[in-house]
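> sequence plus the predicted model coming up.
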Amino acid sequence: MSDQPDTNPPPVTPEWAKTELARHPQRPYPMDFIERIFTDFSEIHGDRSFGDDPAMACGMARFEGQEVMVVANLKGRSTKDKVQRRFGMPNPEGYRKALRAMKIAEKFGRPVIALIDVPAAYPGVGAEERGQAEAIARNMREMSRLRVPTVAVITGEGGSGGALGLAVADRVLILESAIYSVIPPEGCAAILWRDAAFKSQAAEAMRISASDVHGLGCVDDIVPEPEGGAHADPAGAATLLADKLRWHLSEIQSLPLDDLLRRRYDKYRNIAQFYTV
């Protein structure tokens, strides 16, 4: 018997199958959901500091007649759009634009709905020079005390700080085939096994599927998808998401503001605690 360790990549795990569904090229992106669920979307541009980030869309809209503020990162469908939007990875000015929009919502008493499908915040040199980490951290701090109801939805990938910069909300929802993780499985595999080919095993170990993160308390509810995934029936997926948004918005809007803020504080002070015996 050989003493050499087995270096063959493991078979495909259910978690990696979910990852591939979350990244399906025809999966509805946040703007697809915005067009199907909201009306009268009026986009806000610029962060009033550096520029306008095409990877982030923010705007006032109506959800079933109610005025809301919608924030979403954008991936783009065509090659040109994907390059322009950096495959959905925002620069710091994108997060600052999102915060500007959320502060407008706070001023006028409108709920904030964030739609998230981002592998990570953009890691370029320019982004770091302009304060990427500070922009994400500021968003997390300000969202934790925003004086309006907030809902965040992971529609595809929810990756690292790129997602957290939009996801400190009263309710965090995740679509059934979406994933939520601190790092992409390929990056985890490259660190732990020094080989990205072990991405399937990494996805399993990281517990990134919707059911896993819901079990850990990182999200509050799972949004069901049509049979075959959201890409098989985008209109049906939008209807299912709208149903969940309606229910959760109604519940958190019924709470007194001080109670809502206290619950939000307690939630993030105690989130994802894990004990072993």
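Thanks, I have the structure now.

> got phi/psi on the nearest residue to F87 once chain neighbours are set aside?
Leaving aside its chain neighbours, F87 sits nearest to K75 (6.0 Å; criterion: CB to CB, 6 or more residues apart in numbering). Every residue, glycine included, has its C-beta placed from N, CA and C. K75 adopts backbone torsions of phi -90, psi -40, taken as degrees, to the nearest 10.

> what's near enough to touch K75?
By CB atoms under 8 Å, 6 or more residues apart in numbering, the contact set of K75 is 29, 81-82, 85, 87-88, 117.

> do that again at 7 Å, thanks
By CB atoms under 7 Å, 6 or more residues apart in numbering, the contact set of K75 is 29, 82, 85, 87-88, 117.

> endpoints of stretch 228-240, how far apart?
14 Å (CA to CA, to the nearest Å).

> and that stretch, which residues are buried?
Residues of stretch 228-240 classed as buried by neighbour count (16 or more other CB atoms under 10 Å): 229-231, 233-234, 237-238, 240.

> now, these that are in helices?
234, 237-238, 240 (DSSP state H).

> now those as JSON lines including pLDDT and distance to A205?
Converted to JSON lines, those look like this (pLDDT from 0 to 100; distance: CB to CB, whole Å):
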{"residue": "P234", "pLDDT": "96", "distance to A205": "31"}
{"residue": "A237", "pLDDT": "97", "distance to A205": "28"}
{"residue": "A238", "pLDDT": "97", "distance to A205": "33"}
{"residue": "L240", "pLDDT": "97", "distance to A205": "30"}
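
> list buried residues within the contacts of K75.
Of the contacts of K75, these count as buried by 16+ other CB under 10 Å: 29, 85, 87-88, 117.
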